[in-house]
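**Q** just the structure for this:
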Amino acid sequence: MFDTNYKPHDTKYKIQVCIGLVLFFSVGLVGTARAQGASLYLSPQQGTFYVDSTFNVSVFVNTEENSINAVQVDLKFPPHLLQVTTPTAGSSFISVWADQPYYSNRDGIISFKGGVPSPGINTSAGLVSTISFRAKAPGIATISFSDSSRILLADGKGTNILKTTTKGNYSLVMPPPEGPKVFSSTHPSLSEWYRDNNPVFFWEKDWGVTDFSYALDKDARGIPDNISEGKEITAAFNDIKDGIWYFHIKAKKYNVWGGPTHYPIRTDRTSPQEFEVKIERAGRLTGPRFFANFSTTDLGSGMDYYEASVVDISDPQAVTNPFFMETTNPYRIPFESVGKYKVLVRAYDKAGNHRESASDLSIVTPFISYTEKGILIKGIFVPFWLFWLILVSVAALGVFLIRRLLVRINIRKRLRKEVGEAEKEIGDVRKLEKKIREMRTLEGEAKGEGERLSGSLRERERERERERETKINHEKNTNSHHFNNTSLKSLTRSRKGP
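**A** Predicted structure coming up:
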């Protein structure tokens, strides 16, 4: 896939382009100004191919006179119908691949990411790659571009200019029969699904045919053995499993077994998956509208269509014989009047199997609804002028009440603040009173101590006074005694004389 025209000295340009591609594809840069749109398309875009044959599909870029330097091509294909045998073939204009081409036959995807060095390329038919597919089973195979595909403008910003993509539709059919021409009364179409799992086949018998050998299996290219099943021109099988089966038959003529004929049938007796019907309401003042939402899948033949029926539970005939009509999801429920209803939804697959699901709907009188001349409030008609008058009055009353509420809230806040300040002042006063009581206690203790000291001083003064009086009395007594003794001696001497 890599272009061999570049010389070794171009390696540095390839590295630069590769780094640029990695940045573009990893962060998803999108330019703000879009040039004229480029396109991606397939060639051929349609065709008819036999089962088990291979065919090529090429991917082309039309830049619409723009210079581009990178592309990202993401393709989707049905993996049950197609198989990639060769993902890349032919000569591509892409010289540097950001990632190696990738494909998955399980998921049905193919991816190419690459580009060219500056100044890019301007082309109306730039080949990205040619892919080889093998037809696996009969059907219509669609190959399409995913939304992640991009064409990046060479403007230094990585502007995505991809505008249009063209898909391809390919009819895959069984090859012309080499053996007897086969028909089926139970499965007449080769591409449709049927619920009947008891297929019946019959075939034409040419002149000279003596024996037939046939088999029924899931191998599209199966070949019956060489053991004769007899000369009969019909065969029946009972209770086969769901899926795509192939009836193979060959004839023996002139003692030689001829080529086989392959006749596919599709059988599905399994109903779609269980699902739930969810009722949603839309519309308030303009009147209620109800919608039923539902979705399911089918693992066999696939989903085909839905049918819905809305049954008034109060109508016995409608309950017994509900009328279904084909619909899509979501389903607009036609009933809007007050009552109780059952919403029935049937999901059909492509074989005609169906599964039914139901949900109950109760429509009550709305509190308020809208009419052309006024408003209905619980069934009471109110003209528009009166309705607006009431609305304005209610709004004014609401504003008044809100203002009063705000005033009350502000008053409460102020009261809380003032109460808080008062409580703080009371706390300060209580602290001051406590200090005053402590000071008074100290004052009383000091006063008592002063009185005690004064009493002690007075007691000591009295004791000193008593001591002084005692001393004075003692001195007086001593002097008196001395005087008496002196007087006595003087008297004695006077009596004795000289």
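
**Q** give me the beta-bridge partners of Lys253?
**A** Under DSSP bridges, the beta-bridge partners of Lys253 are Val209, Val256.

**Q** helix or strand next in line after the helix or strand bottoming out on mean pLDDT in the chain, which one?
**A** Among the secondary structure pieces of the chain, namely its helices and strands, helix 11-27 has the lowest mean (mean pLDDT, DSSP states H and E), a mean of 47. Of the helices and strands lying after helix 11-27 in sequence (DSSP states H and E), the nearest is strand 38-43.

**Q** quick one: list the elements packing against the helix or strand hosting Gly450.
**A** Using DSSP H and E, the secondary-structure element containing Gly450 is helix 384-496. Using 3 or more Cβ pairs under 8 Å, 6 or more residues apart in numbering; DSSP states H and E as the contact criterion, the neighbours of helix 384-496 among helices and strands are strand 374-377. Backbone N, C-alpha and C define where each C-beta goes, glycine included.

**Q** what mean pLDDT does the strand it packs on have?
**A** For strand 374-377, mean pLDDT is 62.

**Q** one more: stretch 291-298?
**A** Mean predicted confidence for stretch 291-298 is 93.

**Q** show residues contacting it.
**A** Stretch 291-298 is touched from outside by 268, 270-282, 303, 306, 308, 329-333, 343, 345, 347, 349-350, 353, 355, 357, 359, with contacts defined as Cβ atoms under 8 Å, 6 or more residues apart in numbering.

**Q** repeat that with 6 Å
**A** Counting by Cβ atoms under 6 Å, 6 or more residues apart in numbering, stretch 291-298 makes contact with 272-273, 275, 277-280, 329-332, 343, 345, 347, 349, all of which sit outside it.

**Q** please apply the same query to stretch 338-350.
**A** With contacts defined as Cβ under 6 Å, 6+ apart, stretch 338-350 is touched by 193, 272, 277, 292, 294, 296, 298, 301-313, 322, 335, 354-363, 365.

**Q** show me which of these are buried.
**A** Neighbour counting over the contacts of stretch 338-350 (16 or more other Cβ atoms under 10 Å) leaves 193, 272, 277, 292, 294, 296, 298, 301, 304, 306-311, 322, 354-355, 357, 359, 361, 363 as the buried ones.

**Q** so which of these sit within strands?
**A** Under the assignment DSSP state E, the buried ones among the contacts of stretch 338-350 contribute 193, 292, 304, 306-311, 354-355, 357, 359, 361, 363 to strands.

**Q** how about the nearest residue to Lys350, chain neighbours excluded?
**A** Excluding the flanking residues, the one nearest Lys350 by Cβ to Cβ, 6 or more residues apart in numbering is Ser301, at 3.8 Å.

**Q** centroid-nearest residue for this protein?
**A** Computing the C-alpha centroid of the chain and ranking residues by Cα atoms, centre = their mean puts Ser295 first, at 17.2 Å.

**Q** gap between that residue and Met303?
**A** When distances are taken as Cβ to Cβ, to the nearest Å, Ser295 and Met303 turn out to be 9 Å apart.

**Q** next one: Pro119
**A** Applying Cβ to Cβ, one obtains 50 Å for the distance of Pro119 from Met303.

**Q** so for Thr54, what's the nearest residue that isn't a sequence neighbour?
**A** Here the nearest residue to Thr54 in space, its sequence neighbours aside, is Arg134; by Cβ to Cβ, 6+ apart that works out to 4.9 Å.

**Q** leaving out the residues flanking it, which one is nearest to Gln83?
**A** Among residues not flanking Gln83 along the chain, Arg134 sits closest, at 4.6 Å (Cβ to Cβ, 6+ apart).

**Q** next, count neighbours for that neighbour.
**A** Arg134 is flanked by 18 other residues according to other Cβ atoms under 10 Å.

**Q** check what pLDDT it gets.
**A** 94.

**Q** ok, now the one 3 residues further on?
**A** The pLDDT attached to Ala137 in the predicted structure is 88.

**Q** check Glu64 too.
**A** Residue-level confidence at Glu64 comes out at 91, pLDDT.

**Q** wait, doesn't it sit right on Asn122?
**A** No: look at Glu64 against Asn122 with Cβ atoms under 6 Å: they stay out of range, at 9.1 Å.

**Q** quick one: which of those two has more around it?
**A** Set Glu64 next to Asn122 and count neighbours by other Cβ under 10 Å: Glu64 wins out with 18 against 13.

**Q** need the three-state assignment for the more buried one.
**A** Per DSSP: H, G, I helix; E, B strand; the rest coil, the local secondary structure of Glu64 is coil.

**Q** quick check: it vs Ile151, distance?
**A** Computed as Cβ to Cβ, the Glu64 to Ile151 distance reads 10 Å.

**Q** cool, and Ala235?
**A** Using Cβ to Cβ, we find Ala235 at a distance of 55 Å from Ile151.

**Q** ok, these two, which is more surrounded?
**A** When Ala235 and Ile151 are compared on other Cβ under 10 Å, the one with more neighbours turns out to be Ile151, at 25 against 19.

**Q** now do the helix or strand that contains that one, average pLDDT.
**A** Secondary structure here is read from DSSP H and E; on that basis Ile151 sits in strand 150-153. Throughout strand 150-153, pLDDT has a mean value of 93.

**Q** got it, and stretch 183-202?
**A** Model confidence over stretch 183-202, given as mean pLDDT, is 94.

**Q** what's the span of that stretch from first residue to last?
**A** Stretch 183-202 has an end-to-end distance of 5 Å (criterion: Cα to Cα, to the nearest Å).

**Q** for stretch 222-235, same thing?
**A** The first residue of stretch 222-235 is 17 Å away from its last residue (Cα to Cα).

**Q** again with stretch 84-92
**A** As for stretch 84-92, its first-to-last residue distance stands at 18 Å under the measure Cα to Cα.

**Q** how about stretch 309-321?
**A** End-to-end distance of stretch 309-321 (Cα to Cα): 10 Å.

**Q** then stretch 39-58?
**A** In stretch 39-58, first residue to last residue: 14 Å (Cα to Cα).

**Q** 595 is where my numbering starts, stick with that
**A** Okay, residue one is now 595; in that scheme the one you just asked about reads as stretch 633-652.

**Q** in this protein, where is pLDDT below threshold?
**A** Applying pLDDT under 70 to the chain picks out residues 595-630, 683-684, 877-882, 930, 958-973, 975, 1073-1092.

**Q** which parts of the stretch 595-744 of the chain are strands?
**A** Counting by DSSP state E, counting those that start in this stretch, the stretch 595-744 of the chain has these strands, from start to end: 632-637, 640-644, 648-656, 662-670, 676-680, 690-698, 703-709, 720-729, 733-739, 744-747.

**Q** deepest-packed of those strands, please.
**A** Between these, the one whose residues have the most neighbours on average, counting mean count of other Cβ atoms under 10 Å, is strand 744-747 (a mean of 25).

**Q** CA atoms of that strand as CSV?
**A** This file holds the C-alpha atoms of strand 744-747, laid out as CSV (Å, rounded to 0.1, in the frame of the first residue of the first chain):
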residue,chain,number,x,y,z
ARG,A,744,-13.0,12.5,7.8
ILE,A,745,-11.1,14.3,5.1
LEU,A,746,-8.6,16.8,6.5
LEU,A,747,-7.7,20.0,4.6
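
**Q** circling back: between Glu658 and Ile745, what contacts are shared?
**A** Ala632.

**Q** ok, what's across the strand from Ile957?
**A** Here Ile957 shows beta-bridge partners Gly933, assigned using DSSP bridges.

**Q** ok, it to Ile927 distance?
**A** For Ile957, the distance to Ile927 - Cβ to Cβ - is 9 Å.

**Q** quick check: Ile745 touching Gly631?
**A** No: at 8.7 Å, Ile745 does not count as touching Gly631 under the criterion of Cβ under 6 Å.

**Q** give me the common contacts of the two.
**A** With contacts taken as Cβ under 6 Å, 6+ apart, Ile745 and Gly631 have Ile755 as neighbours in common.
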